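Novice: Return atomic coordinates for the entry below.
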Amino acid sequence: MTIEESPADTNSHGFTLQKRRKWPLIAIAVAVVVAIAGYFLLFRGNGSHSANETAGATLGVVYLDSNPAEKAIIEYIGAHIAPDYGVKVAAVGLGDSTQINSAISDGRYAGTIFQHRHWLRQVLDANPGFKEQAATGPFFHWVFGIWSDKYRSVQDLPDGATVSLLADPANNAQGIWYLAQAGLITLRPGADVTALTQKDIATNPKNLKFTLLDFGAQPRALPDLDAIVGYAESFLAAGVSEDKLIFAPKSPDEFASVLTVGSNYIDTPNVQNLIKAFKDPRVQSFIADDPEVKKLALPGDPA
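Specialist: Numbers count the residues shown, from 1 in each chain. Just a heads-up that it's a prediction; the model follows:
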């Protein structure tokens with residue numbers, strides 16, 4: 001704005017205010033909006049700068065950074081399997097599940113093995129703009145089961161025992177399934193294993209009491225509870241001894257890891273070759289035989 005003297009105006013303070021023309025500012029604003037839109041169209045919309053669509057590019061596959069078995073599996077594929085399919089693979093560790101799914105959806109990374117189908121469904125329901133899908137069958141089964149610092153078997157749990165389940169709906173359902181497999185509860189006939197809640201418990205002969213905790217809180221709570229149903233990665237990372245795992249059958253396929261990829265990129269040659277590499281039978285042999293991996297993961301059937 002400019003300042004001009006206006007002595008005739010008795011209501012003024014000795015000057016008047018005049019606004020500059022608005023069109024230069026409007027033009028600048030339009031240019032900024034166009035630039036931002038161009039960025040999203042070029043880098044986020046059509047994926048033209050994604051490694052997924054770039055011949056010879058290294059494809060990042062994400063693992064949950066708390067799980068060394070996932071990292072080892074991806075690194076094994078990158079070193080020993082991917083070259084046979086004409087693709088380069090690197091392991092990328094991230095810690096936030098929403099960040100991981102966002103990065104797969106928009107093509108920053110090619111895929112991830114950190115989740116099962118029902119966790120992915122939860123994320124997609126909460127973030128409808130994400131475009132991501134499963135590209136394999138059960139890739140591996142996480143070691144998951146009932147842990148106790150006080151009892152050596154599930155039969156030893158006392159009447160009224162307090163048991164922790166994971167707080168998120170999908171893994172809460174998996175925990176209830178494990179309690180049923182252990183004979184501690186029975187389920188309502190016809191109950192959907194992928195959507196179990198405490199309302200699906202038909203009988204609870206030991207009068208178990210349930211408390212919900214997240215991944216990080218479960219290992220810390222182990223000394224205070226009678227039993228906890230959760231993932232080995234959480235407990236082993238916290239220094240809990242493997243012998244505290246008192247019941248651990250293989251999880252149902254519905255809760256097995258799958259390789260997920262961005263839906264906008266699944267038909268690209270790079271991603272198709274990536275999927276073939278992850279389905280190679282040698283990967284399952286590695287999962288079954290590697291002494292460190294099998295503490296946290298069991299073979300699946302990704303074909």
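Novice: Can you tell me, leaving aside adjacent residues, what's nearest to the residue nearest to the spatial centre of the chain?
Specialist: Ranked by distance to the mean C-alpha position of the chain (C-alpha atoms, centre = their mean), the top residue is Ser97 at 4.1 Å. The shortest distance from Ser97 to any residue other than its chain neighbours is 6.6 Å, reached at Val123 (C-beta to C-beta, 6 or more residues apart in numbering). C-betas here are computed from N, CA, C, even on glycine.
Novice: quick one on the thing from earlier: now do the same contact list for the residue nearest to the centre of the chain.
Specialist: 64, 114-115, 119, 123 (C-beta atoms under 8 Å, 6 or more residues apart in numbering).
Novice: closest to Asn171 among those residues?
Specialist: Distance ranking of these against Asn171, using C-beta to C-beta, places Trp119 first at 7.5 Å.
Novice: how many other residues sit next to the closest one?
Specialist: 21 (other C-beta atoms under 10 Å).
Novice: Is it part of a helix or strand, or is it coil?
Specialist: helix (DSSP: H, G, I helix; E, B strand; the rest coil).
Novice: That one reaches Pro169, doesn't it?
Specialist: No: with contact defined as C-beta atoms under 8 Å, Trp119 does not reach Pro169; the gap is 9.5 Å.
Novice: farthest pair in the contacts of Ser97?
Specialist: Farthest pair in those, by C-beta to C-beta: Leu64 and Val123, 13.2 Å.
Novice: if we can go back for a sec, the residue nearest to Ser97: neighbouring residues, count only.
Specialist: Counted with other C-beta under 10 Å, Val123 comes out at 20.
Novice: Would you double-check that it falls in a strand?
Specialist: No: applying three-state DSSP, one finds Val123 to be helix, outside a strand.
Novice: List the contacts of it.
Specialist: By C-beta under 8 Å, 6+ apart, the neighbours of Val123 are 97-98, 101, 115, 130, 132.
Novice: Okay, helices next: where are they in the protein?
Specialist: Counting by DSSP state H, one finds helices in the chain at the ranges 23-39, 68-76, 97-105, 117-126, 169-181, 217-221, 232-237, 269-278, 281-289.
Novice: Can I get the contacts of Val123 in TSV including pLDDT and distance to Ile81?
Specialist: Shown next, in TSV, are these (pLDDT from 0 to 100; distance: C-beta to C-beta, whole Å):
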residue	pLDDT	distance to Ile81
Ser97	89	26
Thr98	91	29
Asn101	96	24
Gln115	96	21
Phe130	97	28
Glu132	98	23
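Novice: ChimeraX command for the buried members of these?
Specialist: Buried subset of the contacts of Val123, written as a ChimeraX selection, criterion 16 or more other C-beta atoms under 10 Å:
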select :97,101,115,130,132
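Novice: ok, so of the contacts of Val123, who is nearest Leu245?
Specialist: Once C-beta to C-beta is applied, the member of the contacts of Val123 that ends up nearest Leu245 is Gln115, at 21.8 Å.
Novice: Bridged to the residue nearest to the closest one when sequence neighbours are not counted, which residues?
Specialist: Excluding the flanking residues, the one nearest Gln115 by C-beta to C-beta, 6+ apart is Thr260, at 6.6 Å. Beta-bridge partners for Thr260, by DSSP bridges, are Thr112, Ala134.
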